[in-house]
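>>> Predicted model follows, preceded by the sequence.
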Amino acid sequence: MTNKTYISLGDALYDCFKNDMGSENEVNLHEDAYVKKKLKEFIGVKEFKKMDTLDEKFWKEAWREFDQRVWYDRLK
C-alpha cells in the first residue's frame, strides 16, 4: 500500500480518524498510544516521523481542525 503524503497534520488526522467518531474507537482518540500507532500505520513511518517532531501547539491546532471538520460533517 502506498501512503498519501500530507502537508497538513489536520488533514492527516481527519482522514485517519474520521471513521472512529461515533464508533467504539472514539474513546481511544484520547489515548496517545492509540493515536500514534494508528496514524503511523495510516500515513507511514517516514511521514509520521516528520509530523511527530512538530511542536505541541501544531498538534493542538490540528485536533481543533479535526473537531471542526467532524462537526461540519455531522451537520450534513
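Looks like it arrived, so ask away. Residues are numbered from 1 along each chain as shown.
>>> give me every residue that touches the residue nearest the centre of the chain.
For the chain, the residue sitting closest to the mean C-alpha position, by Cα atoms, centre = their mean, is Leu13 at 1.8 Å. For Leu13, the contacting residues are 39, 62-63, 65-66, by Cβ atoms under 8 Å, 6 or more residues apart in numbering. Placement of C-beta: from N, CA and C, glycine included.
>>> In this protein, spot the helix with the most residues.
helix 56-75 (DSSP state H).
>>> Check which helices and strands the lowest-mean-pLDDT helix or strand in the chain sits against.
Between all helices and strands in the chain, the lowest mean by mean pLDDT, DSSP states H and E belongs to helix 45-52, at a mean of 92. Judged by 3 or more Cβ pairs under 8 Å, 6 or more residues apart in numbering; DSSP states H and E, the packing partners of helix 45-52 are helix 9-17, helix 32-43.
>>> My guess is Gly44 contacts Asn3. True?
Yes - Gly44 lies in contact with Asn3 (Cβ atoms under 8 Å); the separation is 3.7 Å.
>>> Please report the number of neighbouring residues for Tyr14.
20 (other Cβ atoms under 10 Å).
>>> picking up where we left off before, now the longest helix of the chain against helix 45-52, angle please.
110 degrees (axes from the mean of the first three to the mean of the last three Cα atoms, to 10 degrees).
>>> next one: helix 56-75 to chain centre, how far?
9 Å (Cα atoms, centre = their mean, to the nearest Å).
>>> What is it packed up against?
helix 9-17.
>>> got the CA positions of the helix it packs on in CSV?
Listed in CSV are the C-alpha atoms of helix 9-17, where the atom choice follows Å, rounded to 0.1, in the frame of the first residue of the first chain:
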residue,chain,number,x,y,z
LEU,A,9,-1.4,17.5,10.1
GLY,A,10,-5.1,18.3,10.4
ASP,A,11,-5.8,16.6,7.0
ALA,A,12,-3.9,13.5,8.1
LEU,A,13,-5.8,13.4,11.4
TYR,A,14,-9.1,13.8,9.7
ASP,A,15,-8.6,11.2,7.1
CYS,A,16,-7.2,8.7,9.6
PHE,A,17,-9.7,9.1,12.4
